[in-house]
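Participant: Got a predicted structure here, sequence first:
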Amino acid sequence: MKAIVLDGPGTPDAMRLTELPLPEPGPGEIRVRVQAASLNPVDYKVAAGGHPDWTYPFVPGVDVAGVVDAIGEGVTRWKAGDRVVYHGDLSKPGGFAEYAVTTAHTTAAIPQDISFESAAAFPCAGLTAYQALVRKMRIGKGQTIFIHAGAGGVGGYAIQLARVFGASQIIASASPGNSDYVRSLGADVVIDYKTEDVHGRIIELTNGRGVDCILNTLNRKLAQADLSALAFGGQLACIAGAPEIVADFQPSWKTFTVHKLMLGGAHTSGDRAPQEDLACMADEFMTFMLEGKIEPMIGETIRIEEVSEALTRLSQRHVRGKIVLVLGS
């Protein structure tokens, strides 16, 4: 089979196209004929330093949509020909290939009215946003939220989810060139992070109160500053590093909760419940897609020969929405 591989830790330009033997599913696993796979920042970030469980040549790619091709021992839920999507285990070979293997219980069925490309676009980014807003912060009607990097994958899906669940005010940050796009996703206000005092603007927009929820997709330093823009009882969900200091920012009159997220950690948790919840969240997410409440945000589609170059652009933050590798016809 054709596959994109790394021969060792490295940058995206070190990835190459080659031929590999078909992988075989073990007990509790399925093999998927890949139709589409999306590119995510985690693909190049982990590639840079490698992973202790990887053996080389290694196939990256955590988000896969395709057709069940073979079934391992003990699998009863799936059969050959089923359309499926999943967020894979980062420590195992991934989906930048014509075939991939995954665990059956972390996989969700793709409804007929959702394309493979649309399904592949959402798992890593969309389920991270879903886990943050729905599972952790439990955002609901009347709440206010600030979302960093609204034009990115996680940010863009989070804006749409906040609208679905009835947030009363959705504030996001973006560059000037992406402000109209972010508003089209559902943001009420877009703050130019390059020229404006982001946290000062949040306080101004909320009449000094702060927001109920903040989703930080960027870094620990900004997460630290986010604490100053939370309302009483507010919640901060962090993907790229939680604040180092919390107590100094939490006087008795301004309590808050900090959630540290790592979606893919479910695979290595040793706990079946969060692993199965990956599939459950995917089912719930695709229901909103079917209802037209969430768009997949596909910015472009590419061929397998273009993965290295596209990941390089993604690492340079020159991408709006999602890049999807298309393998099927």
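Facilitator: Alright, I've got the coordinates. Numbering: from 1, shown residues only.
Participant: next structured bit after the lowest-mean-pLDDT helix or strand in the chain?
Facilitator: None of the helices or strands of the chain scores lower by mean pLDDT, DSSP states H and E than strand 256-260, at a mean of 65. Moving toward the C-terminus from strand 256-260, the next helix or strand (DSSP states H and E) is helix 265-268.
Participant: what's in contact with that following helix?
Facilitator: 88, 89, 90, 91, 103, 106, 274, 275, 277, 278 (CB atoms under 8 Å, 6 or more residues apart in numbering). Glycine gets a C-beta too; all of them are placed from N, C-alpha and C.
Participant: what number of residues lie near residue 96?
Facilitator: 28 (other CB atoms under 10 Å).
Participant: and it, how far is that from residue 50?
Facilitator: According to CB to CB, to the nearest Å, residue 96 stands 16 Å off from residue 50.
Participant: One more: residue 204?
Facilitator: Per CB to CB, residue 204 is found 45 Å from residue 50.
Participant: quick one, which of those two is more surrounded?
Facilitator: Using other CB under 10 Å, the more surrounded residue of residue 204 and residue 50 is residue 50, with 14 against 11.
Participant: so the more buried one makes contact with residue 8?
Facilitator: Yes - counting by CB atoms under 8 Å, residue 50 does reach residue 8; the two are 6.9 Å apart.
Participant: where do the helices sit along the stretch 101-250 of the chain?
Facilitator: Along the stretch 101-250 of the chain, counting by DSSP state H, counting those that start in this stretch, helices occupy 116-121, 123-130, 153-164, 179-185, 198-205, 220-226.
Participant: OK, contacts around residue 11?
Facilitator: Residue 11 neighbours (CB under 8 Å, 6+ apart): 44, 47, 48, 312, 315.
Participant: Relative to residue 282, which of the residues you listed is nearest.
Facilitator: The closest of these to residue 282 turns out to be residue 44 (CB to CB; 23.3 Å).
Participant: Would you mark the buried spots in the longest helix along the chain?
Facilitator: Criterion DSSP state H: the longest helix present in the chain is helix 272-290. By neighbour count on 16 or more other CB atoms under 10 Å, the buried set for helix 272-290 is 274, 275, 277, 278, 279, 281, 282, 285, 286, 288, 289.
Participant: repeat for stretch 218-231
Facilitator: 218, 222, 223, 224, 226, 227, 229, 230, 231.
Participant: Switch those over to TSV, and while doing so, append pLDDT and distance to residue 130 to every line.
Facilitator: Listed next are the buried residues of stretch 218-231 as TSV, based on pLDDT from 0 to 100; distance: CB to CB, whole Å:
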residue	pLDDT	distance to residue 130
218	81	19
222	83	22
223	84	20
224	84	25
226	89	20
227	87	24
229	92	23
230	91	21
231	92	23
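Participant: any weak-confidence spans in this protein?
Facilitator: 242, 245-257, 259-264, 318, 328-329 (pLDDT under 70).
Participant: tell me, what residue is most central in it?
Facilitator: Nearest to the mean C-alpha position of the chain, by CA atoms, centre = their mean, lies residue 125 at 1.5 Å.
Participant: who are the neighbours in contact with that one?
Facilitator: Contacts for residue 125 (CB under 8 Å, 6+ apart) come out as 38, 40, 152, 153, 154, 156, 157, 322.
Participant: Relative to residue 180, how far out is the residue nearest to it when sequence neighbours are not counted?
Facilitator: Closest residue to residue 125 apart from its sequence neighbours, by CB to CB, 6 or more residues apart in numbering: residue 153 at 3.1 Å. According to CB to CB, residue 153 stands 18 Å off from residue 180.
Participant: Ok, residue 93 next?
Facilitator: Using CB to CB, residue 93 is found at 40 Å from residue 180.
Participant: And residue 232, by the same measure?
Facilitator: For residue 232, the distance to residue 180 (CB to CB) stands at 33 Å.
Participant: What of residue 163?
Facilitator: 16 Å.
Participant: So between these two, which is more surrounded?
Facilitator: Legend: neighbour count by other CB under 10 Å for residue 163 and residue 180, higher for residue 163 (16 against 10).
Participant: and the nearest residue to that one once chain neighbours are set aside, what is it in contact with?
Facilitator: Excluding the flanking residues, the one nearest residue 163 by CB to CB, 6+ apart is residue 186, at 3.9 Å. Applying CB under 8 Å, 6+ apart to residue 186 gives the contacts 159, 160, 162, 163, 170.
Participant: Spatially nearest residue to the second one, not counting backbone neighbours?
Facilitator: When the adjacent residues along the chain are set aside, residue 160 lies closest to residue 294, with 4.7 Å between them (CB to CB, 6+ apart).
Participant: for residue 152, same thing?
Facilitator: Residue 152 sits nearest to residue 217 (CB to CB, 6+ apart), 6.4 Å away.
Participant: how near is the closest residue to residue 51 other than its chain neighbours to residue 228?
Facilitator: Leaving aside its sequence neighbours, residue 51 sits nearest to residue 91 (CB to CB, 6+ apart; 5.7 Å). Per CB to CB, residue 91 is found 37 Å from residue 228.
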